[in-house]
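[1] Sharing a sequence plus its predicted fold:
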Amino acid sequence: MPTNSHVPVRPTPTQVRRWRQYLANERAEAAVYRDLASRRSGEEREILLWLAEAEARHEAHWLNLLGSHVGKPRRGDNRTLFLGVLARRFGSVFVLALAQRAEDKSPYEADPDATSTMAADERIHGEVVRGLAARGRNRLSGNFRAAVFGANDGLVSNLSLVLGVGASGVATNIILLTGLAGLLAGALSMGAGEYVSVRSQRELLEASTADPEMRNALPHLDIDANELALLYRARGMSPDEAQAHAAEVLNGNPRLEFEAEASEPDQHEAVGTGLAAATSSFCFFASGAIIPVLPYLFGMEGIAAVIVSAGLVGVTLLGTGAIVGLLSGASPVKRGLRQLMIGFGAAAATYLLGLLLGTGAA
């Protein structure tokens, strides 16, 4: 691996420390990709092993620069080590999402001792990992969406309900009953709504699926007519493309007929099933909605119950926001704080409304 011409023959101590850290990080990242590959098969395994080999090329660059200064092997940075632990234990889409963020934050573009090729490699690696993570996100997106939004709705709506009713000055047993009623009503409503939504979306996709019996009509088509070309034009092809595609099919390659539907199983997979989405939505709404009620279930009253309830919900909102951030490749801290601000904003508004109503009733 060639080095940059302006790198001094005798590196400074600062350079040596930085290069050693880069070397350790490259080795750790290669290990992460190998661990992820060990849990996969087929194309995904090949891609991950290729990424590991690419990190080995970068490792060779830093070894070349260090020469006799390589010293004892160092540990990778905390972020890369954490990725390695997750990869060995789980190997999930969360690890790929974190690896995507790590590749996107590569320091090589701003480091004069790294080659432009290495900086370009890291940028491409980020997109490759993004593509792999997208496959996992597609598998998760239908039911995961119902689960995350169900939990957040349960947290925010029941916290708002409990705080609003509590601020009006009613007895603790009324607050508890209201919270439990809100939990059950909301969970049932969310489950039913999610079932109808997902079923409707799947039915729309199914309505757009080509009739498989159409294949039987191909041998009987009039070659001089344009019915088949019209079909392809209706699917979005230009007139020339449609005519050429129809000619290929009529010339003995009917398998081409269903190329346009090749992506449909992925679309259905991303949407999820109605029953699974409804069940996830019901369970996660209920699991979120029970949290604001817990202090009252354990006999707490007054401002102490309000503080504990809000604190429990706040911690959970931070957690769910961070998870969404990780999966989307965004900052988990920013996503967690955003969830917290939105949830507490809604609860605070309802609490103030309860205070006003309680004062008016008094």
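    Right, received. Where do you want to start?

[2] name the element Leu51 belongs to?
    Assessed by DSSP states H and E, Leu51 sits inside helix 42-66.

[3] what do you get for Ile124?
    Ile124 is part of helix 116-167, with elements assigned from DSSP H and E.

[4] got the angle between the helix or strand that that helix is followed by and helix 116-167?
    Where DSSP H and E defines the elements, the next helix or strand beyond helix 116-167 is helix 172-207. On the basis of axes from the mean of the first three to the mean of the last three CA atoms, to 10 degrees, helix 172-207 is oriented at 140 degrees to helix 116-167.

[5] for helix 172-207, which positions count as buried?
    The neighbour-count check on helix 172-207 (16 or more other CB atoms under 10 Å) flags 175-176, 178-180, 182-183, 186-187, 190-191, 194-195, 197-199, 201-202 as buried. For glycine as for every other residue, the C-beta is placed from the backbone atoms N, C-alpha and C.

[6] still on that earlier bit, can you check what angle separates the helix holding Leu51 from helix 116-167?
    Using the same axes, to 10 degrees: helix 42-66 against helix 116-167 is 120 degrees.

[7] which residues touch helix 42-66?
    1, 3, 7, 11, 16, 19-20, 22-23, 26-27, 29-31, 33-34, 36-37, 40, 70, 113-115, 118, 121, 125, 128-129, 132, 135 (CB atoms under 8 Å, 6 or more residues apart in numbering).

[8] buried residues in that helix?
    Applying a neighbour-count criterion of 16+ other CB under 10 Å, the buried positions in helix 42-66 are 44, 47-49, 51-52, 54-55, 58-59, 61-62, 65-66.

[9] again, but for stretch 298-306
    Residues 300, 305-306 are the ones in stretch 298-306 that count as buried (16+ other CB under 10 Å).

[10] Give the rounded mean pLDDT of that stretch.
    Averaged over stretch 298-306, pLDDT sits at 87.

[11] now do stretch 51-67
    86.

[12] Just the C-alphas of it, formatted as PDB.
    Coordinates of the C-alpha atoms in stretch 51-67 are reproduced here as PDB (Å, rounded to 0.1, in the frame of the first residue of the first chain):
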ATOM      1  CA  LEU A  51     -15.700  -5.600   3.900                       C
ATOM      2  CA  ALA A  52     -13.400  -7.400   6.300                       C
ATOM      3  CA  GLU A  53     -10.800  -7.800   3.600                       C
ATOM      4  CA  ALA A  54     -11.100  -4.100   2.700                       C
ATOM      5  CA  GLU A  55     -10.400  -3.200   6.400                       C
ATOM      6  CA  ALA A  56      -7.400  -5.400   6.200                       C
ATOM      7  CA  ARG A  57      -6.000  -3.300   3.300                       C
ATOM      8  CA  HIS A  58      -6.400  -0.200   5.400                       C
ATOM      9  CA  GLU A  59      -4.600  -2.000   8.200                       C
ATOM     10  CA  ALA A  60      -1.700  -2.600   5.900                       C
ATOM     11  CA  HIS A  61      -1.500   1.100   5.200                       C
ATOM     12  CA  TRP A  62      -1.000   2.000   8.800                       C
ATOM     13  CA  LEU A  63       1.400  -0.900   9.300                       C
ATOM     14  CA  ASN A  64       3.500   0.400   6.500                       C
ATOM     15  CA  LEU A  65       3.500   3.900   7.900                       C
ATOM     16  CA  LEU A  66       4.400   2.700  11.400                       C
ATOM     17  CA  GLY A  67       7.200   0.400  10.400                       C
END
